[in-house]
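# All I have is the shape, not the residue letters:
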């Protein structure tokens with residue numbers, strides 16, 4: 001019995017000594033460093049619906065989950081739904097943009113805390129018109 005107590009006590013003392021000597025390890029959650037647009041159509045008819053997606057990554061390029069993304073229309077009318085979403089485990093967030101009826105360039109924005117916003121630009125001009 002005394003031998004087992006000595007073994008346990010020695011083991012605990014060794015662990016305490018190692019913990020005291022070790023450098024502190026700081027594990028921080030991924031912090032958003034950048035947000036980018038995924039592929040989307042650059043040309044569409046007025047009133048069409050366009051799927052929008054962004055990916056949020058940290059400084060190492062790893063996807064960041066649970067980041068709130070706000071979606072809004074900047075110009076051209078229409079409506080983005082939902083107005084806010086959250087990135088999934090792959091760092092992705094999505095929304096649908098019902099384009100306005102204006103035949104011109106239309107712009108929507110995705111924004112999130114700590115990163116530059118992303119602009120989506122879709123041309124709804126008739127073919128052959130710049």
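Nice, thanks for sending it over. Just so we're clear, the structure is a prediction, and the values are computed from it rather than from any experiment. Numbers count the residues shown, from 1 in each chain.
# Enumerate every residue touching the spatially most central residue of the chain.
The centroid of the chain falls nearest to residue 56 when counting by Cα atoms, centre = their mean (2.8 Å). Residue 56 is in contact with 32, 34, 35, 63, 64, 67, 69, 87, 91, 93, 112, 115, counting by Cβ atoms under 8 Å, 6 or more residues apart in numbering. All C-beta spots, glycine's among them, are computed from the backbone N, C-alpha and C.
# Would you confirm that residue 81 contacts residue 108?
No: look at residue 81 against residue 108 with Cβ atoms under 8 Å: they stay out of range, at 11.1 Å.
# I'd like the distance between the residue nearest to residue 116 when sequence neighbours are not counted and residue 87.
Closest residue in space to residue 116, ignoring its immediate chain neighbours: residue 35 at 6.9 Å, by Cβ to Cβ, 6 or more residues apart in numbering. Distance, residue 35 to residue 87, by Cβ to Cβ, to the nearest Å: 9 Å.
# Now the common contact residues for the two.
Contacts common to residue 35 and residue 87, judged by Cβ under 8 Å, 6+ apart, are 55, 56, 69.
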